[in-house]
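[1] Sequence first, predicted model second:
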Protein chains: 2
Amino acid sequence: MAPKNQATIEDVARIAGVSIATVSRAVHSPERVAKTTRQKVNQAILVTGYTTNAMARSLRMGRSNIILVLAPDIGDPNFSSTLIGIETEARARNHAILIGHTQNDPQRAIDYLRYTTSHKAAGLVLFTGRLPLSDAVSAMPLPPTIAVFEPVQDAAYPYVGVDDIAGGRKATEHLLAAGHRKIAFVGDTQMRAAFRRRRAGFDLAMDAARVDQDNRLIVEGDGSIESGRHAVELLFMRDTLPTAFMCVNDTTAIGVMNALAARGYNVPLDFSVTGFDDVPQATYISPALTTIRQPRSIIGKTAIERLMALIEADHPATETPKEDLISPDLVLRGSVTTPRQTPI
Amino acid sequence: MAPKNQATIEDVARIAGVSIATVSRAVHSPERVAKTTRQKVNQAILVTGYTTNAMARSLRMGRSNIILVLAPDIGDPNFSSTLIGIETEARARNHAILIGHTQNDPQRAIDYLRYTTSHKAAGLVLFTGRLPLSDAVSAMPLPPTIAVFEPVQDAAYPYVGVDDIAGGRKATEHLLAAGHRKIAFVGDTQMRAAFRRRRAGFDLAMDAARVDQDNRLIVEGDGSIESGRHAVELLFMRDTLPTAFMCVNDTTAIGVMNALAARGYNVPLDFSVTGFDDVPQATYISPALTTIRQPRSIIGKTAIERLMALIEADHPATETPKEDLISPDLVLRGSVTTPRQTPI
DNA sequence: ATGATTCATGTAAAGGTTTACATAGAGGCA
DNA sequence: TGCCTCTATGTAAACCTTTACATGAATCAT
């Protein structure tokens, strides 16, 4: 069916009646070869069905056109949508995406990072907020690197993400504007930088509205659905209940709504709820969740733009790493309304 | 920080006091070098931090250790979970996964297929039921290929997927066992092979239960949430209503449940509903959806096993392509119960 | 003791590119 | 005309492996 042996640059050169150097130039810097020659070469390429051997090219050039994307969890909806942006932008720039799925296993991460050098990866995109801190990693020569969604702890890589502070603030301001004053913040934790910032946005909005500390019910949580459910149980054991729940992410919010429904309450009539992320599930639950939308594919696109700038820069890492924060939008759906007048 | 120039096999050879051939052998077929030499080499590798240059290796060997996965939609939950199985298994066999995201655009698909030859990919995994049928593609020399989830139209690639007939049958039998006799099948279409098979399973079960054609309400649909909603509207315009909806996939089922809720009906008290796929959303809606679970990561794992067998086989495609159908399980949740006694 | 066999290692070619440097022809200018 | 510059192309080296083949030593059978 297909010719057993792929045509090489030499086949093209022979047919076009030029040297292999000219063919190479015709392909990669067409302006350096005469118009008529270029046409002969293109013709020969068509005839032979020639494709450059990327392996030979990478070997010679010292780097490939592969970008490694390291992610702890491929299934995370944030990941897949961002990947779309990454893939599209990378492809437009003639680069391919290699997926490294770490499952939070440091050994797997190290293996993939090693990949980076053995495959001469052009760049590295990190979805993972933590890098294994073994000596193996710090001694490893990594290609230009960019972090996405969460800045990498203890390492100064440029970072592209959502403006979590602005997002947290927007969600909170929306609840305040609806008339809520006693608001629970669900998902307080020091573990994740993004969550810390959302909390900061919450406080900023509450400060600006002059809501005192007593009316801010801070509940710990790790972003899981269980943590949301648990938060509700916890609050019902305290003496004061909030009228609204500002949740650190959608998953938490879904947990909160589950628990409220289980107790027979109606959202938004009895309690208002906001999320953060706008995961697909946010539309499927009822009522649909009012939330902050992650500008996922924009983040992916921006990350590749920055990364390519790094790759093409001659002096790697001479400038100070930059943070690129993209401001998210509030998505109005059905889980927020004015607080009920009679106490629960 | 890291040495500017990666150590090469020659550095290792010099330090170990052997030839580069011996180093190569020590790394890739250790049994062929004497124990003491092997130790010297390993020591030298440790000292230099040597990693084989995969580009040089691939160039010499004529193929890389990269497997291209072509998918129309990265965001599809089926895709990501299957990818986990693919990635894990590929990694265990020292291969890496390159993602090609076609967005159903034939041109993008072709570009990625071309990738396959330029990067000397070891293999190809197709998530896409349709291949662009241009001459460009049929003339293209593709590496060993396997289809996943949907067999590829008009092309005889081995295929790993769920046993859709068995799954469709199981779901239908479950409804029959609950006492339903008038059942709607939502999502009838010729366009997708998987859907055709689910329909076949439905008919098989209905035949076995001797349910006549009048009690099978077949409604067209393309698997979208809108098609589910639309099906309900359609059925309410006919003179007979089903007591249960067997939906071709979960997304359709969610649409059906949405529309029923909008009309004020209760699932499962008024109508029972089953889905197919077990997408994450199936647990988030209320009631949680009784459905057929795709054995996703098993499919991914199996696909790579078959693909590697193909890659390692000396005589490509001499055997007839094989179908590997994995039997899915029924997941019991809250959307099915006995039919109500009083008609709607 | 001798020839045959096995084992461990070395030598060198090949894989397909890109690119520094060389070359040659054309055109411009005095 | 003679010299210089510029442009288009060619030559050959380098990138780093793997592996067929060669070599020499050691082991074995007779």
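    Done, it's in.
[2] Could you list the single helix or strand in chain A with the lowest mean pLDDT?
    helix A:135-138 (a mean of 69; mean pLDDT, DSSP states H and E).
[3] hey, C-alpha coordinates of the helix or strand following that helix in CSV?
    Using DSSP states H and E, the helix or strand that follows helix A:135-138 in sequence is strand A:145-148. Provided in CSV are the C-alpha atoms of strand A:145-148 (Å, rounded to 0.1, in the frame of the first residue of the first chain):
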residue,chain,number,x,y,z
THR,A,145,9.2,25.7,32.4
ILE,A,146,5.9,27.3,33.2
ALA,A,147,3.4,26.6,35.9
VAL,A,148,-0.3,26.6,35.4
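[4] Neighbouring strands - and their directions - for strand A:145-148?
    strand A:123-126 (parallel), strand A:159-162 (parallel) (DSSP bridges).
[5] per-residue confidence averaged over that strand?
    What strand A:145-148 shows for mean pLDDT is 92.
[6] Run through who's touching that strand.
    For strand A:145-148, the external contacting residues (CB atoms under 8 Å, 6 or more residues apart in numbering or on different chains) are A:82, A:123-127, A:129, A:157-161, A:299-300, A:303, A:306-307, A:310. For the C-beta atoms, the positions are set from N, CA and C on the backbone; glycine is no exception.
[7] swap the cut-off to 6 Å and go again
    Residues outside strand A:145-148 that contact it (CB atoms under 6 Å, 6 or more residues apart in numbering or on different chains): A:L124, A:V125, A:L126, A:F127, A:Y157, A:P158, A:Y159, A:V160, A:A303, A:R306, A:L307.
[8] try stretch A:179-188
    Identification of contacts with stretch A:179-188 by CB under 6 Å, 6+ apart yields A:175, A:195, A:199, A:202, A:211, A:215, A:217-221, A:223, A:231, A:242-248, A:252, A:338-339.
[9] Then stretch A:244-260?
    A:171-172, A:175, A:180, A:183-187, A:195, A:198, A:202, A:221, A:223, A:225, A:227-229, A:232, A:267, A:271-277, A:279, A:282, A:285, A:289, A:291.
[10] Name only those of the contacts of stretch A:179-188 that count as buried.
    A:175, A:195, A:199, A:202, A:211, A:215, A:217, A:219, A:221, A:223, A:231, A:242-248, A:252, A:339 (16 or more other CB atoms under 10 Å in any protein chain shown).
[11] which ones among those are found in strands?
    Members of these lying in strands (criterion: DSSP state E): A:L217, A:V219, A:A244, A:F245, A:M246, A:C247.
[12] Any idea what the fifth one is bridged to?
    For A:M246, the residues forming beta bridges with it (DSSP bridges) are A:F185, A:T274.
[13] What is the burial count for the residue lying closest to A:N42 once chain neighbours are set aside?
    Closest residue to A:N42 apart from its sequence neighbours, by CB to CB, 6 or more residues apart in numbering or on different chains: A:A26 at 7.2 Å. A:A26: 24 surrounding residues under other CB atoms under 10 Å in any protein chain shown.
[14] list the contacts for A:A26?
    A:V33, A:R38, A:V41.
[15] which stretch of helix or strand covers A:T51?
    Using DSSP H and E, A:T51 sits in no helix or strand.
[16] let me redo that: A:D11
    Using DSSP H and E, A:D11 maps to helix A:9-16.
[17] Alright, that wraps it up for me.
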